[in-house]
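**Q** this one's sequence-less:
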């Protein structure tokens, strides 16, 4: 029987499998950041899914190797086939990889679970288990709107009212950022891209003028209207204060926000670009 958390991720990928056209603006934003590199750079994308947010022809032209990582093999195959690149020599697939390292453990959690210190520590440390399954380090590593999905797993298992909820999502976030850093070469470029809030909780988001989006997002964050664990200021603060991240990150550059038309809803999205020392 398949892990229910993996089943939910597959269902999420299916929900946007036909959204190529409406993703256009978001795809351009993401692709323009990931094209940066050199003639020798290798790009690794975590959470590539059905690749609707990636212009793969542009990326394989910019990088001699593009590595796509996702737990959903079918989404990767269908997404690259849609862009006529399923057999491209520069494209490498890594599927069925659990980027949390704890998805089997989390599947047994519930709102009444009492999580041990080992459970919390695993959320921080276990993601590094995927390092041996990937041919890193890489010159460019990106997480494409994956962090909010990882945190959603915690919402779906223990729930928002669990007494350890905040501690767990902070651990998941820290583990993911440290994994990005560990996948990078010295001097490499990391790009964390995350959705922050959707039109489900702020319907006017669909019509906010682009030039006002930053101001609106600041107000929404102040009001607490954002997805758990993806407060842009908290993410930047974590890069600067965590003893592991702060020692290895040389530069930090927030990007955005921009709007992502997902079809049934819109998202406000930000990115944090960083260089490894």
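**A** Perfect, I can see it now. Note that the structure is a prediction, hence the values are computed from the model and not measured.
**Q** for the rest of this, base every contact and every neighbour count on C-alpha atoms.
**A** Fine.
**Q** which residues does residue 142 contact?
**A** Going by Cα atoms under 8 Å, 6 or more residues apart in numbering, residue 142 touches 34, 43, 44, 45, 46, 180, 190, 191, 192, 193.
**Q** and the fourth one, how many neighbours?
**A** Read it as residue 45. By other Cα atoms under 10 Å, the residues close to residue 45 number 22.
**Q** enumerate the beta-bridge partners assigned to it.
**A** Beta bridges link residue 45 to residue 68, residue 142, judged by DSSP bridges.
**Q** correct me, but it touches residue 65?
**A** No: using Cα atoms under 8 Å, residue 45 is not in contact with residue 65; the gap is 11.0 Å.
**Q** quick one: low-confidence ranges for the stretch 1-150 of the chain?
**A** Applying pLDDT under 70 to the stretch 1-150 of the chain picks out residues 13-14, 17, 37-39.
**Q** how about the helices in it?
**A** 4-15, 24-34, 56-62, 73-82, 103-106, 117-125, 147-157 (DSSP state H, counting those that start in this stretch).
**Q** just checking, what packs against the fourth one?
**A** Contacts defined by 3 or more Cα pairs under 8 Å, 6 or more residues apart in numbering; DSSP states H and E place helix 73-82 against helix 4-15, strand 91-95.
**Q** quick one on the thing from earlier: dump the contacts of residue 142 into TSV; add distance to residue 263 as well.
**A** Listed next are those as TSV, based on distance: Cα to Cα, whole Å:
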residue	distance to residue 263
34	23
43	28
44	27
45	23
46	22
180	29
190	28
191	24
192	23
193	19
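**Q** just to revisit the earlier point, out of the helices of the stretch 1-150 of the chain, which is closest to residue 269?
**A** Minimum separation from residue 269 across the helices of the stretch 1-150 of the chain (Cα to Cα) falls at helix 24-34, 8.8 Å.
**Q** mind listing what's buried along the closest one?
**A** 24, 26, 27, 29, 30, 31, 34 (16 or more other Cα atoms under 10 Å).
**Q** just give me the longest strand of this protein.
**A** strand 184-198 (DSSP state E).
**Q** give the closest residue to the residue sitting furthest away from the middle of the chain in space, chain neighbours not counted.
**A** When each C-alpha in the chain is compared with the mean C-alpha position (Cα atoms, centre = their mean), residue 112 comes out farthest, at 28.0 Å. Excluding the flanking residues, the one nearest residue 112 by Cα to Cα, 6 or more residues apart in numbering is residue 158, at 7.2 Å.
**Q** thank you, goodbye.
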